[in-house]
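Trainee: Predicted coordinates and the sequence they were generated for:
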Amino acid sequence: MALLLWILAVILVVAGILALFRRQILWGVVLIIVGLLVGPGGVSIFNV
């Protein structure tokens, strides 16, 4: 499960960075924050 959360977090953060490059600032920031929250290194919403 931790591996899946890590992969999901990486995908979300990369998508957020790409959104920032496309000048979609709000969407990019939201994706990065969600990616950091979902990742096993962050505050995982699945461990609550």
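Mentor: Yep, that arrived.

Trainee: what's the burial count for the closest residue to Ala15 other than its chain neighbours?
Mentor: Closest residue in space to Ala15, ignoring its immediate chain neighbours: Leu31 at 5.1 Å, by Cβ to Cβ, 6 or more residues apart in numbering. Where you see a C-beta, it was placed from the backbone N, CA and C, and this is true even at glycine. Residues lying near Leu31 (other Cβ atoms under 10 Å) number 21.

Trainee: measure Leu31 to Arg22 for me?
Mentor: Distance of Leu31 to Arg22, given as Cβ to Cβ, to the nearest Å: 12 Å.

Trainee: Report how many residues lie close to Val38.
Mentor: 21.

Trainee: what are the ranges of the helices in this structure?
Mentor: 2-21, 25-38 (DSSP state H).

Trainee: Let me know the pLDDT of the residue nearest to Ala15.
Mentor: At Leu31, the model reports a pLDDT of 93.

Trainee: correct me, but it touches Ala19?
Mentor: Yes. Taking Cβ atoms under 8 Å as the definition, Leu31 is a contact partner of Ala19 at 6.1 Å.

Trainee: Centroid-nearest residue for this structure?
Mentor: Gly35 (1.4 Å; Cα atoms, centre = their mean).

Trainee: Excluding covalently adjacent residues, which one is nearest to that residue?
Mentor: Leu12 (3.1 Å).

Trainee: hang on, isn't the one you found packed against Val38?
Mentor: Yes. Between Leu12 and Val38 there is a contact under Cβ under 8 Å: 6.5 Å.

Trainee: Show me the shaky parts of the chain.
Mentor: Along the chain, segments meeting pLDDT under 70 span 40-48.

Trainee: Try it again at 90.
Mentor: When residues are selected by pLDDT under 90, those of the chain lie in 1-10, 34-48.

Trainee: circling back to that earlier point, who touches the residue nearest to Ala15 in this structure?
Mentor: Contacts for Leu31 (Cβ atoms under 8 Å, 6 or more residues apart in numbering) come out as Leu12, Val13, Ala15, Gly16, Ala19.

Trainee: Repeat that for Trp27.
Mentor: Taking Cβ under 8 Å, 6+ apart, one finds Gly16, Ala19 in contact with Trp27.

Trainee: With that, I have no additional questions.
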